[in-house]
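Student: Structure, please.
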Amino acid sequence: MHPELIERRTHWYAAYVAGDTEALASLESPEMVVISPQGVEPAAERIQAIAHTVRSGRWFPTGSHAIDQHITWRALSANVASAHGLGRIQTPRGPGPAVWFSELWQQTHAGWQVIHLHYSERQA
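Tutor: Alright, predicted model coming up:
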């Protein structure tokens, strides 16, 4: 897979775990949609919700990071790629729940941006 895409994805997850909404806004397409067990979240609403949770002190603790337990990449065209697999957030208090994820990335004038994320918790 394209090295810049891998690097951008690493920064995207780091920004998410850190609650860095400014970085998230630059790494996510303005049209991004997240589908989760909570429903569908458009980009602007998601960024606002993250910012609110960070301000209220209920976000991931310092030292947390994302871990891919398994990931598969597929180039769908010259400027579109997908990733899917199993991952989790590791915190200083222990691992978060494992989640199945599917991501869609597109290369734009701003570089690689995520345009779609779908995730659900892995059932034991």
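Student: next structured bit after whichever strand or helix holds Tyr16?
Tutor: For Tyr16, the enclosing helix or strand under DSSP states H and E is helix 3-18. Sequence order places helix 21-27 as the next helix or strand after helix 3-18, per DSSP H and E.
Student: Go ahead and measure how far that following helix is from the middle of the chain.
Tutor: Its chain's C-alpha centre and that of helix 21-27 lie 11 Å apart, by CA atoms, centre = their mean, to the nearest Å.
Student: packing partners for that helix?
Tutor: Here helix 21-27 is seen to pack against helix 3-18, helix 43-55 when contacts are counted using 3 or more CB pairs under 8 Å, 6 or more residues apart in numbering; DSSP states H and E. The way it works is simple: take the backbone N, C-alpha and C, and place the C-beta from them, glycine included.
Student: Ok, which of these comes nearest Glu28?
Tutor: In terms of CB to CB, the element of the helices and strands packed on helix 21-27 nearest to Glu28 is helix 43-55, at 5.8 Å.
Student: Tell me the helix or strand right after the closest one.
Tutor: strand 65-77.
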